[in-house]
Each structure stands twice: as C-alpha cells, then as structure tokens.
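Participant: Using only what follows, build the 3D model:
(chains A and B)
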Number of protein chains: 2
Amino acid sequence: MHLTQALHKALREQPDRDAVICGAERLSFRRFTERVARLAGALKQLGVAPGDRVGLLALNSARSVEFLYGCWWSGAVINPVNVRWTPGEIAYSLDDCDTRVLLVDRSFAPMIAALRQQSSSLATVIYCGDGPTPEGLLSYEALLEAATPVEDGRFGGDHLAAVMYTGGTTGRPKGVMLSHANLYLNGLCAAAAVPRPERGVGMVVAPFFHVGGCGLSLQMMQRLVTQVVIPFFDEVAIFEAMQGEGVTETFLVPSMIKRLVEHPRFGDFRFPRFAVMLYGAAPIDATLLAQAMDAWPGAQFSQAYGMTELAPTICVLSASDHLPGAQQARRLRSAGRPVAIAEVRIVDAEDQELPAGQVGEIVARGPMVMRGYWNRPEETAQALRNGWMHTGDGGFIDEDGYVHVVDRIKDMIVSGGENVYSAEVENAIALHPSVSMSAVIGVPDERWGERVHAVVVLRPGAALEETALITFCRDHIAGYKVPRSVEFRTELPLSPAGKLQKFVLREPFWAGRDRRVN
Amino acid sequence: MHLTQALHKALREQPDRDAVICGAERLSFRRFTERVARLAGALKQLGVAPGDRVGLLALNSARSVEFLYGCWWSGAVINPVNVRWTPGEIAYSLDDCDTRVLLVDRSFAPMIAALRQQSSSLATVIYCGDGPTPEGLLSYEALLEAATPVEDGRFGGDHLAAVMYTGGTTGRPKGVMLSHANLYLNGLCAAAAVPRPERGVGMVVAPFFHVGGCGLSLQMMQRLVTQVVIPFFDEVAIFEAMQGEGVTETFLVPSMIKRLVEHPRFGDFRFPRFAVMLYGAAPIDATLLAQAMDAWPGAQFSQAYGMTELAPTICVLSASDHLPGAQQARRLRSAGRPVAIAEVRIVDAEDQELPAGQVGEIVARGPMVMRGYWNRPEETAQALRNGWMHTGDGGFIDEDGYVHVVDRIKDMIVSGGENVYSAEVENAIALHPSVSMSAVIGVPDERWGERVHAVVVLRPGAALEETALITFCRDHIAGYKVPRSVEFRTELPLSPAGKLQKFVLREPFWAGRDRRVN
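Facilitator: As a prediction, this is how the structure comes out:
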C-alpha cells in the first residue's frame, strides 16, 4: 500500500494522458512523475530523510500535487499548512513536529520573515510560486533542474505519510498522523462507495491543507483520473474549468454548491460530462439539492462524512438516497451509512454502546483510523480509548443503519437530565427573521445543572427583545430546549478558519468551575 | 484489515437481514455470527491455535461460509480441499501444511477412511453434512451446541488467512499462502472496479476450494450482501435461486453462462433484479456475450482476470468494454485493465520490461500478492523474484493498456527464434469440423530448436489425415505456426480438475533433455 503506486501504474497504462491541470499548465503522467522523482532527489540533497516532515504554505496548484508525491516518493511526510492561520499558529505547527523545510508560493512568501522569527525549526524555504524567487528563498524550479531524479523509495503501509494539523475549536492545534495505509485504504474505499466514471476528469477545489483537498487529490491519482486543480474558490474559473476540461466529478461543501448554482453566469456554461457531485462537511438541504439536481441533471449526488483523524471518510450517503421519494427528507438529514472499511457505533460517556435511536458519541474503528496525534500520547490515548476513534460528534444511528450527527459532544447541554443539542436550538432561533447568527451554550444553573443560553447577532437594522425571541422559540421546540436567557452581540468569536468558538463564549460563565464533557 | 470486520458491521447495521441462504436454510447476520463465534469456540476446544490450518472437504453450503469465518474469528487458517482430487492428492495437501482438523460433508465422508490411512497429520474429522454423523466423526452441530462462543480474536493484516492448494499442471500441488490483507484488499478493490447494487443479493456457484468461490463469498460479506450458496452446478436450481431470492449479482465461467442461457427451461424464469454478471477463467466470445446480454437485458457484464497467488484479481474488463461498438471484438479478447491496487507489466526471460504489444510473461506487483508457497522457499523466491509475482501466463499489453493473455509461458513454443503460442494453433485446428480437441506442444528439433507438434482427438466417427490437417492450418495461420507433425489419439491427459496436462504429452519427446522455459 504505497501511495506512489499510482504513478508506476500510470507510467505503464497511460503515460501521455494529463495527470494534473492548473490554469494553462498541464502535466502528463510521464512528465509529472519525472518532476516528482526530481523533487524527491532535491529533498534528499537538502537533507530530508525518510520520516522527516516537509511543509507547504500555498494556494492549490500543480505544484501542490507534486509536493504530495515528491514527499512520498522520498519517504518524507507532508505537513500542509493551513493558510488561514496567523504566523504564530503556523510557527507553532511547524515547530511542534519539527518541520525544517517549507515550500511557499507567491501569496504567502511575504509571511516568511515573520515565520522565520517565530519558528525555531524552520531552516529551508523553497519558493514554488510564479515569477522571480524572493531573496533568501530557494527556487523550486532551479532545485528540480539541478536535482538527480531518484528511484521511488516505495514507502508504504504503516510508514507515516502526513501530519495534518486540525485547528479544533479549543486549545493548540494537534498534528493528526496518517499512514500510507490509512490514506490508501480510504481512497480505495471511496472508489467502492461512490461509483464514478472510469478514468474521468476530477476537479479539486478544497484546499490541500484539509484532508478533503489533498485526500481527494490522491484518490483521483489512485484511480488514474486527470485532476484539475483550482487555486481558490472562484465561480467563473470553476465553470470554465468544468466546461473546458470536461470535468466528470468533484467534491464541494454545500455552501459552495449554492454559490455555483445561484451564480448569474451559471447558465452561460454547459457541463454534459459532469456525473458525480460529492459533498461533505454539512448535510445538504432539500431545496438546494433540488436546485443543484436541476442545474446538473446528469449528475449523481453523494455525501461523505468523516474527519481528518479518519483519513477522512467513514460514512457515505449514496446517490440512491438523494433521489426523490418517501425517505428523501429523512435521509438527507443523515450522514449516510458506514463505508465498507468502517465500523461505526454510538457510545455513552462510559463507552458503553447505545441502541439505535439513542444519542451519544459517534466512534469508529477500522484501518483508516489515524496513528495518533503527533507527540501527544495522552490525547492520543484518550481519542483512541478502547480501540475506537472518538469523533467528538454527538449523534445516533437510526433503525435503517443511517448515522445522524446532531451536535459536537462538548456543545451538548445537559439541563435537568435532558440532553439539549445546541444545533437544534440554533436552528429554531435562525427561523426568526431578525436573526443573523446565534450560538447556544450551556451555562451553570443551581437547579438544572446547566441551562440553555443564547448569544444572538441580529440582522443590520433589526431590533428584538429577549422575551420576544424566547416566546418565538416556544413555538418551534420543546420547553426544556428553549433558551432561558438571551444576550445580543454585534459579532461572535470565530477562529481564523471561520469556526465558531463556543469555548470563548462559555469561559466567563464557567470560570473556576468544571464543566462535564462526555 | 480483519476479514471478520464485516460481521461486526452487519451486527450493527443489519442484524436481521439474511446473511447466507442455501436451499431451505437461511441465516440472519445475527444468527450467522452467533454460530461463527461458537464454531471458533469449538475449534479452540479441539486445540486449534491461531495460525493452525483447518481443512474443509465439502460441496458448497451455508456451513462452508461458517467455516471461513469460524476459522478467521479464531485466528485459524482455512485450507479448503479440492473435492475433485484423489485421496492421495488430498492427503498430500493436508500433510504438506500439517492440517489436523478437517470438516467433511455427506458427499465426501466415505473418503475419510482412505484419507486417514494416507494422511499422517489428519487427527480430527468433523461431520458437517446433513443426517446422522458417521461413526468415528464428530458432529458439527453437537460441537456448536456444546461450545462456548468466543470473542473475535481480531486477527488481520499480515496474519495468514488461507492456504489454497493449486493443482497446477506439473508436479505436486503448492499451498498458496494468502493473508487477511491480501483478501481484504482484493474484495475492496473488486467493489471499486465493478460497481454493484448496494446491499443486493449475490449467488456463489464456484466451489469454495477455488479462490473464485471463497473469495467471492468473502467479498459479498464485506459489502454486507446476502449470499445464496449453490452446492453444485445445476441449471434449474440456479434459476430457482436467482428468481426466488432476487439475485442481483454472481460470478460464473463462460461455459456455465452458456449452459444457463441455452437451457430449455431458461425462459420459464424471470430475473428482473439481476444486474451484474462477473465472469472469469476465460474470455467470453462475442456470440455468447450477445446471447447472454439478450437473455439478461438488465445485466452488466465484467470480466475478472487473476490467479490464486494474486488473491485473485489483477485485471478487470469493465462493463463499458462489453458494450457493442467499434472496439468490442478486440476488447473482448483481452483480460481488461489493471485494477487500482495492481501494477502489471510484461517481462522477458531476463525480467526486463517489454514495450506495448510485445509478448512476454505477465507479472504483477501490489498488496494482493501472496505471502508465498507453504514451506517452499525456493519456489516462492522464484515466483516472486525481483518483487513481482510471475504469473506463468504469456501475454502483452496493448497501446490502450489492456492486458491480453496468449498462452501459458511454458506452453509457448520457440521455433527458429519465433514465438508460437500453442493456444493460437489450437484455435486454428479447432476450426476443422472433424476435430474435437487438440493440444499443441513444442518438441525437440535439431534445426529449429523446437517444432510445432499437434496431438488431436477427432469427433466420434470422423476421419482425418495428418497432411490434410496441416494443409488446413496453412489457410489460417502463418507458416511457422503450422504443425510440422500431427498425432491422433482417442483422449488427452487431463488433471482431476479437468486441466489439460501438456507436460504428460511433452515428456516422451524431452526425456533426458532440458527444455528451456522462460
């Protein structure tokens, strides 16, 4: 199970087909592999040994794909850096796993000075952007030109392939360690779970620093699919790529799908070959699905559910579950059923399995489970206790075996012995026309343990009273779920990745107390 | 990568669905797993330790499937015995890998006395047939009833799962060692290569002592597909099972497909759910394919190519290649393209890779390659030299990446520096209306190294002269391929499995000489 196996196959089976397309750049599988072998040679000359981490701080490009395979060819471990982070956060993640070599493109080269100041491990920076190489950086193209191509080291199996930092919403980011086997099996299983046209053309929009991006890229390589890489989300660039290259499949998040189908220029393009729309990160609502199925009548829709620690997919809501029918609305709210390599179950706080329909923590077992968090034996042991990966997602499995995600476990509120899912309360609040955003948290309560508290941002110009919103909620959700108190603010605390940071909201309420988290 | 993982998934996802159906017997996944856990307990009580081999000498039945999973649950290694072999051959294979416990059904119980005489390792025989247990054998059902169900040992990865004896056509059978990972990955890859209806109903006709049978059974389990097990090839029983259980997929060899579609009662049955016909062991001819596609208009056809040592599939000729079109005839003669986990190449006698179109030996690399032959380090090293499994099949890869099998390497004839493929000559001879069967071999020739010699069986009542057949062949194949000599016989030497034994024909010609084999 070597991730580089695909390149050897492609060299023999279709060397002259396009492997990677990005804008005007196109690389055949032959040319791509030549460059990968040179990049591996260059990394070796720079002192990168098998198992060493190499970073990438860049928008998606053809070189992002070369980075993946150049590292794996040489036995190195990819550490693709979240470009939305501050220099301090990036420096932390580089130092945490001792990443000494970093590739940077034109967009992020200006950040290097700050990174050099804040990172103790960063030693060598390679400029993989367009145009002249900035002072003090090595030129990627010059390195490749000067390098002696090396033989594939054929690293695979349990050999480490990636350290992917997940921001999480609390504390320092953790480096998720994924092996070649983890990623190889996920790719193979995804191919089995979501049938796709043979040797088609895929499009990678998700950033490579998410496993949704680099994982998709390697899955496509594994199936010898040509991949069109999109540097950043831009509707018209996507339409042009889809039409021009005859894209057959992609992966997006529902909000991106919405932006595409509602774009005024959508109708100017034709996508006759587009066959498979995979989406994830959130369920799709029935209205958007109908709109999207109408926009791409030849496409089948499937949802993938998972997380970085699971390399990433453990459930798939298949194309047949998206078709109109009696079960559609119910099915669309779920994350689908476990894929062939994943065992999924629901457990309580004592790790006891719960029966169908009962909400607890979603845990998973199988060969896709990460090797652990880099240098964090305690958090690893906690996450993988009793042999199962604890996702931190709260959910249940219905009688038909579909997994439903209801909330992050730590965001669930236990009030008077009843579980309240913050997501459900937030959905009720969102129905009020004056509300822009809300965050529902549990705050300490003498009588009930926790009580439901809502922090609300109103739409510009709107006005709303606490009691009016509480009354409104009573019409939509059960009494014990209704917020006992509401607080209005002008904004909510977000992480650099745009994730709501509820722990920031909870902090003042819980200062000096312990809040139980399942 | 535990082969038993599927049972844990099924227990959670669909415990009440049928797992295995055989005749009137049906076992839900829950009941099946309970019995498997008891069988594992019984094996343990009989002294079977993890890694020990357990044999099965039986027609296909629900208990054949229990045998697979009972062994794997306990860490034991399956050794399903070829029921077509003589007691001497079976005793050899049991003793070769020290199989002490054997399950036997009613059909083969009468052979036990002879086996006990000839085998030195056989100690315990369990009767898994219907009706009363014969004297001296243990009752399968009584063992299960008395056994304490055990926890799944969760053996997987490189742990040995099977020793499968391949008769081969020369010498003693060799025990092919397959690991859990080999079989698990093959199943997953097959699911990706041949899309099938989700959670359908499969039918297993191939015998479990071939990897085509037990491998298919485990693939279906891995996808949580209900499996209908057919004890032996019987057209009407197959029609009844397909119609009655709503079979959606199966695997057959072309000669079986022919027997089905040409059966006079075919038209009495309806197969509206039948969707996937996988076939293998031989290409399908265009006439039969058209006939079969007409017979099952809702079915897609795919071909799998491989061998026991490859667990087994390395190439698939996909459904789209079977559709009528310009390429169809050419594609149907091929074995398809390499699957995602397999690298396939063609090498010469010095293991140098040959370019597209040139004939040499087909070799393969990937995580499906066997761990070796039991207790045969030299033959293992020879078969796996330079890291590739040498299939012994001669063939070429065309410019589109399709693999074509032309002959067994050892059956190729090198005459005056030209390669002659015995299969091609046999195909030409078969065109003559008087010929029933033929075998073409290379015999020593002072001038040309080898010359082409044909051994021919005529149809009953037919008469043909050597010179007439030679003249006939001249019209169909190039001069250097035409037999220089023809010998008529009443029968050809066949192995118990029905394989033509060319080495028997060659022996008298080559006595005392060395014949080069690539």
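Participant: what residues does the stretch 151-300 of chain A put near chain B?
Facilitator: The stretch 151-300 of chain A has residues A:185, A:188-189, A:191-192, A:195, A:198, A:222-223 near chain B, with proximity defined as Cβ under 8 Å from any Cβ of the partner chain. Where C-beta positions appear, they are placed from N, C-alpha and C, glycine not excepted.
Participant: ugh, wrong one, I meant chain A
Facilitator: Taking Cβ under 8 Å from any Cβ as the criterion, the neighbours of chain B within chain A are A:1, A:5-6, A:8-9, A:12-14, A:185, A:188-189, A:191-192, A:195, A:198, A:222-223, A:318, A:320, A:337-338, A:340-345, A:366-367, A:397, A:401.
Participant: wouldn't A:Gly372 be in contact with A:Met177 here?
Facilitator: Yes. With contacts counted by Cβ atoms under 8 Å, A:Gly372 reaches A:Met177, the gap being 5.4 Å.
Participant: who's more crowded, these two?
Facilitator: With neighbours defined as other Cβ atoms under 10 Å in any protein chain shown, A:Gly372 and A:Met177 compare such that A:Met177 has more, 22 against 18.
Participant: wait, what's in contact with that one?
Facilitator: With contacts defined as Cβ atoms under 8 Å, 6 or more residues apart in numbering or on different chains, the neighbours of A:Met177 are A:160, A:162-163, A:370-374.
Participant: How confident was the prediction at it?
Facilitator: The confidence metric pLDDT takes the value 98 at A:Met177.
Participant: any idea how far A:Phe155 is from it?
Facilitator: From A:Met177 across to A:Phe155, the span is 14 Å (Cβ to Cβ, to the nearest Å).
Participant: cool, A:Asp18 as well?
Facilitator: Taking Cβ to Cβ as the measure, A:Asp18 and A:Phe155 are separated by 26 Å.
Participant: Specify the beta-bridge partners of A:Thr250.
Facilitator: Residues in a beta bridge with A:Thr250, per DSSP bridges, are A:Met203, A:Met277.
Participant: Distance of it relative to A:Ser120?
Facilitator: For A:Thr250, the distance to A:Ser120 - Cβ to Cβ - is 39 Å.
Participant: A:Gln219 reaches A:Ala191, doesn't it?
Facilitator: Yes. In this structure A:Gln219 lies within contact range of A:Ala191 using Cβ under 8 Å: 7.0 Å.
Participant: ok, those two, which is more surrounded?
Facilitator: A:Gln219 (29 against 22).
Participant: nearest residue to A:Ile238 other than its sequence neighbours?
Facilitator: A:Ile230 (6.0 Å; Cβ to Cβ, 6 or more residues apart in numbering or on different chains).
Participant: Hmm, A:Ala206 and the one you found touching each other?
Facilitator: No. Taking contact to mean Cβ under 8 Å, the distance of 9.1 Å between A:Ile230 and A:Ala206 leaves them out of contact.
Participant: between these two, what contacts are shared?
Facilitator: Between them, A:Ile230 and A:Ala206 share no neighbouring residue, with contact defined by Cβ under 8 Å, 6+ apart.
Participant: still on that earlier bit, which one of A:Asp18 and A:Phe155 has more residues nearby?
Facilitator: Regarding A:Asp18 and A:Phe155, a neighbour count based on other Cβ under 10 Å identifies A:Phe155 as having more, with 23 against 17.
Participant: if I pick that one, what's in contact with it?
Facilitator: A:Phe155 makes contacts with A:2, A:4, A:50, A:72, A:75, A:180, as judged by Cβ under 8 Å, 6+ apart.
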